[in-house]
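Undergrad: Okay, here's the prediction I keep looking at, along with the sequence it came from:
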Amino acid sequence: MRTSRLLPLLLALPLACAAIPSFADTSGLPTDPRKRLEALQHALVAAAMDSQTRVRTAAWVDSTGKLHENTRITSDMKVRGVRVQSYVNAEDGPSAAIIAESRGATPSEDICKANVQRYRREATLETAMRITTSGADRYHWSMLMDQMRSRLVSRANTSRLWQLSAAVNMPATAYDRMLSGAVPDISPYHMVIELLPPGALAIEPVRPRQTLRQKSAQMIKAVANYATDEPPRTEPLPFVMRLSVYERSNHRLMWQDAVPLFFPERALVTTSQPLPPGLLSELDRVLDGWLQNMDHNFSCRPQQFNVLQETPNGWMINGGQIAGLSPGDQLLLMNREHLPARILEPDSAQHLALVEVVSVGAGRAIVRKLAGPASIARLGDWVATPF
């Protein structure tokens, strides 16, 4: 009976555990870390009991005639949001009153708000121009990319939900990396802003059809410019702007959006000119919409810090003062290679622990184990999630 209850519990952990905010009510909080871990486990078991499971069984006979059997039970259940309201004493041990939502249901606004924590998400930002250009045109595109980068960083850092920094340009060879002393980025996320040609991603900017009056006004303007010897002007140039957010540890795409835009017409002059105000206002509108959509999307995602390496005092994670961590914060440590897909294996309990932050740097912290298995395997995709 206990084994059957542990199955849906740990199937829910990857999304559930990180969604418990630090401002939750801690009345009746067990002082023993082992009981805290047990209470969270019992609460998540209850939240996962209604999930649908699938049983797959395989059997084969080896060359010696011995029969082998393998049974695996999987579940689609994911908990989008869990918030500890209080700790209670259940019949079979300590538990916690929680708010949970299954994967099949649409996450409500209240659940997403419950996931908001005092922790910030750190990311590096990279810009890439995929448009083939040269000369003066390249100068204007470079100006636009600089504005994209600076305005996105300013808006993201002001929102207090993201902290963006420039990506490190790592040399190609190990010798050059050692010679320059370059240190690779360790932020949990990586963002890329791209300028793409029209038609990329099957997105084609389309300008509204001109009326007869607009065509006549454009023809009169062209004749007037010719008569007054005005410099020629370029045609409005369509392009596509895309923002992508990746998880650094496995390069998994977390969020992406692309919009079509037009670079307005401009006079062909020999001196440098500022970007058109209309283009900058349109850029601000797009960036504000992107940040709003990202904040809503990530508010229902668990916050996870990757375990970088083992240290004499515990483990180093890629989250620190910038992300909002401080000594004494407690996190759940889990191996995503085993949880939840391989939860029925006999050693699945060896891939979950309760840890505490003991020292904090700008972008990293050291955590030590409070409760969990006697020894934790060094291999695997280990992450730490706040609760």
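TA: Yep, that arrived. Bear in mind the structure is a predicted one, so any value in this text is a computation, not a measurement.

Undergrad: What's the mean pLDDT across the host helix or strand of residue 138?
TA: Assigned by DSSP states H and E, residue 138 belongs to helix 135-158. On average, the pLDDT along helix 135-158 is 90.

Undergrad: And for that helix, what's in contact with it?
TA: Helix 135-158 is contacted from outside by 125, 127, 129, 131, 133, 162-164, 193, 195, 241, 243, 263, 266, 268, 272, 274-275, 279-280, 283-284, 287-288, 290-291, using CB atoms under 8 Å, 6 or more residues apart in numbering. Where C-beta positions appear, they are placed from N, C-alpha and C, glycine not excepted.

Undergrad: where does the nearest residue to residue 237 once chain neighbours are set aside sit relative to residue 339, distance-wise?
TA: With CB to CB, 6 or more residues apart in numbering as the criterion, residue 237 has its nearest non-adjacent residue at 4.3 Å, and that residue is residue 263. According to CB to CB, to the nearest Å, residue 263 stands 48 Å off from residue 339.

Undergrad: do residue 307 as well
TA: Here residue 307 is placed at a distance of 14 Å from residue 339 (CB to CB).

Undergrad: Residue 121 now?
TA: Residue 121 is 22 Å from residue 339, where distance means CB to CB.

Undergrad: just residue 360 next, same as before
TA: According to CB to CB, residue 360 and residue 339 sit 26 Å apart.

Undergrad: if you look at the contacts of helix 135-158, which of them are in helices?
TA: 279-280, 283-284, 287-288, 290-291 (DSSP state H).

Undergrad: Would you mind listing the buried residues in the helix holding residue 138?
TA: Burial within helix 135-158, assessed by neighbour count using 16 or more other CB atoms under 10 Å, is assigned to 140-141, 144-145, 147-149, 151-153, 155-156.

Undergrad: Check which helix or strand residue 190 maps to.
TA: Following DSSP H and E, one finds residue 190 within strand 189-196.

Undergrad: Which neighbouring elements make contact with that strand?
TA: For strand 189-196, the elements it packs on are strand 121-129, helix 135-158, strand 237-247, judged by 3 or more CB pairs under 8 Å, 6 or more residues apart in numbering; DSSP states H and E.

Undergrad: What angle do strand 121-129 and the second one make with each other?
TA: Spelled out, it's helix 135-158. If you take axes from the mean of the first three to the mean of the last three CA atoms, to 10 degrees, helix 135-158 sits at 170 degrees to strand 121-129.

Undergrad: Between strand 237-247 and helix 135-158, find me the angle.
TA: Between the axis of helix 135-158 and that of strand 237-247 there is an angle of 40 degrees, by the same axes, to 10 degrees.

Undergrad: how about low-confidence regions in the stretch 1-150 of the chain?
TA: Scanning the stretch 1-150 of the chain for pLDDT under 70 picks out 1-30, 40-56, 70-117, 136.

Undergrad: how about residue 261, what does it touch?
TA: 205, 238-241, 279, 282-283, 286.

Undergrad: and if you look at residue 177?
TA: Contacts of residue 177 were listed using CB under 8 Å, 6+ apart, and they are 170-171.

Undergrad: Noted, bye for now.
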